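Enquirer: sequence and computational prediction follow.
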Amino acid sequence: MLVKIFGSALFGVSAQTITIEVNVDTGGVGYHLVGLPDNAIKESSYRISAALKNCGFKIPGKKITINMAPADLRKEGSSYDMSIAIGILAASDQIVADNVGDYIIMGELSLDGNLQPIKGVLPIAIKAREEGFKGFILPKQNTREAAIVSDLEVYGVENIKEVIDFFNEGKPLERTTIDTRKEFQEKVNDFPFDFSEVKGQETAKRAMEVAAAGGHNIILIGPPGSGKTMLAKRVPSILPPLSLKEALETTKIHSVAGKMGTDTSLMTVRPFRSPHHTISDVALVGGGSYPQPGEISLAQNGVLFLDELPEFKRTVLEVMRQPLEDRIVTISRAKFTVDYPASFMLVASMNPSPSGFFPDDPNNTSSIFEMQRYMNKLSGPLLDRIDIHIEVQKVEFDQLTDKRKGETSVSIRDRVMKARDMQSERYKDLEINYNAQMGPKQIEKYCGLTDVSQTLIKVAMEKLGLSARAYDRILKVARTIADLELSETIENDHISEAIQYRSLDRDSWKN
């Protein structure tokens, strides 16, 4: 008897429906699994056999042929265990499963029949709804994530026996439903950190505000203990709230990577990723034999914080150059190509020298040669892609002991959102959302300068030796500063402030 069960395979951050054809033939004995399964799927027969035996069923001693179509697409992971098991039971007439084709069935089996959580539940649920499936049967730990997809019945189960009873005896399964918009609104402002906790550092906080308002990449240069990490961790609290579309997009990536908690249905705040400096280039940008999203994709619509930037391997930093420009990562293999989104705000930090202090600090023990070698770890093209360079001075004792609270993240966020609203209106007919995404045409159109401003930036470029890309960065930042003041025109003081945010271009850092 032939039975068709439906599962799903992940391809990038999307899903593709897989038809699992199970044929049980009385003429012969054997277990044949075809359709490009990986080792985890090939081993499923042992898990399925033990799980069914412990639930009062068995794999029949007949010729069993299982085909996973399309046969030319490689299938990965252990999430097909339950699909194959139900298919074997139905094809061998151990259960009645006339309506089994109405559901996507996924789940990894334990030897006692219990189910383990799987990856990529959200894109699978979205695909199931698109293709008109009635419901999605999956491990209970994943139900909240799948239930945010409307118009799809989601059933979470703890043991395969529940699924068998559902098809065989009509015993109902517990359906999981979630009010997605309500849950999203309740948690959209849930932040663990606030800028009011930062003592002093008004210049750095201003630079952070500008960066958040325009989506600009920023690097903080300062001695240990000056508050670089503290500032970086609070950036998500001043960024505009995620839209529901962005939340779903971000959740899909984390779902594919298996980073969603069992009690989480939807990511409601912008992600903050902070990988250690020993990270490999594949772990950062994504890839591998069976490609997975890297840290820059996990930071989609959020913040990627690279602490102690010069300590990262140069190859790791260089592979990040293209995603910083294109906001997408393309992983190419011989037989396929996968695209992962990578639209993130880069926040980096570094010490001014190997000793940790600025060149003019009496405590600085680094020689000129050591400082040059330290700075040379960062390539010019990479620094050109970072719009704002800001020096973070150590906090004075009087500021540190000041009991007064600083400006809250809510206040800063209000200004950032007003600036973003201007940008949304400006770019409503374009495929960009904020100033950092402007290309040459948009810069020419929206960053017009007066003759005085033109002279000012010309002098700065000649004196600092800025590249053409740095020129574009200054104009983008100046546009954002003007937006924060709700000004349609870029004034001289906007240009002056933007130039000040190119610290690493100054001669004192190059010599």
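Expert: Noted; the coordinates are in hand. Numbers count the residues shown, from 1 in each chain.

Enquirer: how many residues are close by A85?
Expert: 29 (other Cβ atoms under 10 Å). Heads up, the C-betas are built off the backbone N, CA and C, glycines and all.

Enquirer: roughly how far does the closest residue to it other than its chain neighbours sit from H277?
Expert: Distances taken as Cβ to Cβ, 6 or more residues apart in numbering place I48 nearest to A85, at 4.6 Å, with adjacent residues excluded. I48 sits 43 Å away from H277, going by Cβ to Cβ, to the nearest Å.

Enquirer: so those two - more neighbours on which side?
Expert: Neighbours per residue (other Cβ under 10 Å) separate I48 from H277, with I48 holding more: 26 against 13.

Enquirer: assumed that one was part of a helix.
Expert: Yes. Counting by DSSP: H, G, I helix; E, B strand; the rest coil, I48 is part of a helix.

Enquirer: show me the helices in the stretch 51-200 of the chain, by range?
Expert: Using DSSP state H, counting those that start in this stretch, the helices assigned to the stretch 51-200 of the chain run over residues 81-91, 121-130, 143-146, 160-169, 180-187.

Enquirer: pull the contacting residues for the residue positioned nearest the centre of the chain.
Expert: In the chain, the residue lying closest to the centroid (Cα atoms, centre = their mean) is L298, at 2.1 Å. By Cβ atoms under 8 Å, 6 or more residues apart in numbering, the contact set of L298 is 253-254, 257, 259, 271, 273.

Enquirer: including pLDDT, could these go into JSON lines?
Expert: Converted to JSON lines, the contacts of L298 look like this (pLDDT from 0 to 100):
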{"residue": "I253", "pLDDT": "93"}
{"residue": "H254", "pLDDT": "93"}
{"residue": "A257", "pLDDT": "90"}
{"residue": "K259", "pLDDT": "88"}
{"residue": "P271", "pLDDT": "93"}
{"residue": "R273", "pLDDT": "95"}
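
Enquirer: of those, closest to R333?
Expert: If you rank those by distance to R333 using Cβ to Cβ, A257 comes first, at 18.3 Å.

Enquirer: so that closest one sits against V121, correct?
Expert: No. Using Cβ atoms under 8 Å, A257 is not in contact with V121, being 11.9 Å away.

Enquirer: more neighbours, those two?
Expert: Neighbours of A257 and V121, each counted by other Cβ under 10 Å, are more numerous for V121; the result is 32 against 19.

Enquirer: for I164, see how far away that one is.
Expert: From V121 to I164 the distance is 22 Å (Cβ to Cβ).

Enquirer: with Q454 instead?
Expert: 76 Å.

Enquirer: same question, P323
Expert: 46 Å.

Enquirer: same deal with N376?
Expert: 65 Å.

Enquirer: of those two, who's got more company?
Expert: Higher neighbour count among N376 and I164: I164, with 24 against 11, using other Cβ under 10 Å.

Enquirer: thought the more buried one was touching A51?
Expert: No. I164 is beyond contact range of A51, at 10.7 Å (criterion: Cβ under 8 Å).

Enquirer: helices of the stretch 351-500 of the chain, start to end?
Expert: Using DSSP H, counting those that start in this stretch, helices in the stretch 351-500 of the chain cover 368-375, 380-384, 397-400, 409-426, 440-446, 451-464, 468-484, 492-500.

Enquirer: can you redo those helices as JSON lines with mean pLDDT and mean neighbour count?
Expert: Output for the helices of the stretch 351-500 of the chain, formatted as JSON lines (pLDDT from 0 to 100; neighbours: other Cβ atoms under 10 Å):
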{"stretch": "helix 368-375", "mean pLDDT": "86", "mean neighbour count": "14"}
{"stretch": "helix 380-384", "mean pLDDT": "83", "mean neighbour count": "18"}
{"stretch": "helix 397-400", "mean pLDDT": "76", "mean neighbour count": "10"}
{"stretch": "helix 409-426", "mean pLDDT": "94", "mean neighbour count": "18"}
{"stretch": "helix 440-446", "mean pLDDT": "90", "mean neighbour count": "13"}
{"stretch": "helix 451-464", "mean pLDDT": "85", "mean neighbour count": "14"}
{"stretch": "helix 468-484", "mean pLDDT": "89", "mean neighbour count": "23"}
{"stretch": "helix 492-500", "mean pLDDT": "91", "mean neighbour count": "19"}
